[in-house]
Structures are given as C-alpha cells and as structure tokens.
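A.B. asks: sequence and computational prediction follow.
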Amino acid sequence: KQEVTQIPAALSVPEGENLVLNCSFTDSAIYNLQWFRQDPGKGLTSLLLIQSSQREQTSGRLNASLDKSSGRSTLYIAASQPGDSATYLCAVSGAGNNRKLIWGLGTSLAVNP
Amino acid sequence: NAGVTQTPKFQVLKTGQSMTLQCAQDMNHNSMYWYRQDPGMGLRLIYYSASEGTTDKGEVPNGYNVSRLNKREFSLRLESAAPSQTSVYFCASSELEGYYGYTFGSGTRLTVV
C-alpha cells in the first residue's frame, strides 16, 4: 500500500532563505507526483507536476525533483518570501489501474519578514 | 477563469439534515472527484467519476451519495448529516486519469452540529 510522508511537518525560516521540503513514498511504481500549495482556509493550488519519466520541473523560484528509485521528491524554494507562507502538500498517483492520489499530510511553512 | 467551482463555500447543518454540495468544471475533463480534508488525516477520497455516467467509491464513501449529472457537474449528497461529517470538502477534476495533474475547487467548509 502506497504511503506518502512529508518532513518536516512545520518549518519557520527568515525571509530570503533557500529551503527544501521533502516528500517520500513507499512504492516506486508511480504515474506522477504533484506538489500543491494550500493557504489557510483556502483551496489547493497546483504548483508543479512531475511525470514518472521526468527528473525535475521548474516554475519561477520553485524546483521539484523526483527520484523514483529512492522514493523521494523535493520541492526547492529559492529566496523565500513572506508570501510563500502556506502548507505544501505532496500527492502521488499510482501506476497501472490505480491512478488515485495518495496524499502526504503537508509541510506548514512560515517565512518571517 | 477556467477551473472548478464549488457551492456553497460554507454551510452549517443540524444532525439529520440533508444537503447537496455542487461542483462544476469548465475544462472539459472526463474525471471528477470528491475529497474530504480533516486535521491530521490529510485528504481522503470519498467518491469519483472516471467519466460521464460512471461513479465509484473511494476510501470513505459511507454516508454519502454522488451524481454525475453531465460531463461538467458532479454533486455530493449527505442524506442524514452526522457530526463526523464536519469537514472541508473539495471537488477536483482531471484529464487522462491525472496525466496533466488535478485541478481543485476552493472547498466547502461544512459544520454539522
């Protein structure tokens, strides 16, 4: 059974720092992996999608990597800003006939001015 | 803006009351989903519809029913609300079983008293 773990559960950094959020999964047979952002009391915004055949995706100050063999993905945020404060969720889609999303519990990020 | 629209955004129900959560997407996606999000438990799939005319149970379907009204609309019904159904409900849609990722609505915050 696929399980997704996100470490750390919470992170507080000063503005301007580069930071890394971690996502690990137990079954390497995945279809793709998606990173989302959730602001308090709001919906989920898709940040980056990595297909199982890809190693990384970039969007602005965000870079997500995928290492299927080790069951890990990282979300790198460069030059963090207070506006980056949110919860970041990782979700894995299974391969084969089971394409349902399996979710981590998220990392709550606070970027302090 | 293209996306997933959920109504209502907030709702308070008394135990035993019924209600329907509405969801519509304008991206011509085949698949639609209903999730609930609870603190410490992450997002859990309630029901999904792989294509118009089909619906299937997810991880936590008890106490809920769904209707895929047409390709655009997918509703979630609580026939007799219980306090355990207090949660935030999210609707999502995808194309090609999530190959291009998932798009989420802004959520419905439901409280059952």
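C.D. replies: All right, it came through fine.
A.B. asks: use CA for all of it now, contacts and neighbours both
C.D. replies: OK.
A.B. asks: which of the helices or strands spans the residue lying closest to B:Val88 once chain neighbours are set aside?
C.D. replies: Spatial nearest neighbour of B:Val88, excluding adjacent residues (CA to CA, 6 or more residues apart in numbering or on different chains): B:Arg109 at 4.4 Å. In the assignment (DSSP states H and E), B:Arg109 maps to strand B:108-112.
A.B. asks: surely B:Val113 and B:Thr15 touch.
C.D. replies: Yes - with contact defined as CA atoms under 8 Å, B:Val113 reaches B:Thr15; the gap is 5.8 Å.
A.B. asks: need the residues touching each of these two.
C.D. replies: Both B:Val113 and B:Thr15 are contacted by B:82-83, under the criterion CA atoms under 8 Å, 6 or more residues apart in numbering or on different chains.
A.B. asks: tally of neighbours for the residue nearest to B:Val88?
C.D. replies: Other residues within reach of B:Arg109, judged by other CA atoms under 10 Å in any protein chain shown, total 19.
A.B. asks: quick one: contacts for it?
C.D. replies: Contacts of B:Arg109 by CA under 8 Å, 6+ apart are B:9-11, B:86-89.
A.B. asks: so what sits opposite it in the bridge?
C.D. replies: With DSSP bridges as the criterion, B:Arg109 is bridged to B:Phe10, B:Val88.
A.B. asks: state the distance from it to A:Ser12.
C.D. replies: As judged by CA to CA, to the nearest Å, B:Arg109 and A:Ser12 stand 27 Å apart.
A.B. asks: and for B:Asn65?
C.D. replies: Counting by CA to CA, the gap from B:Asn65 to A:Ser12 is 41 Å.
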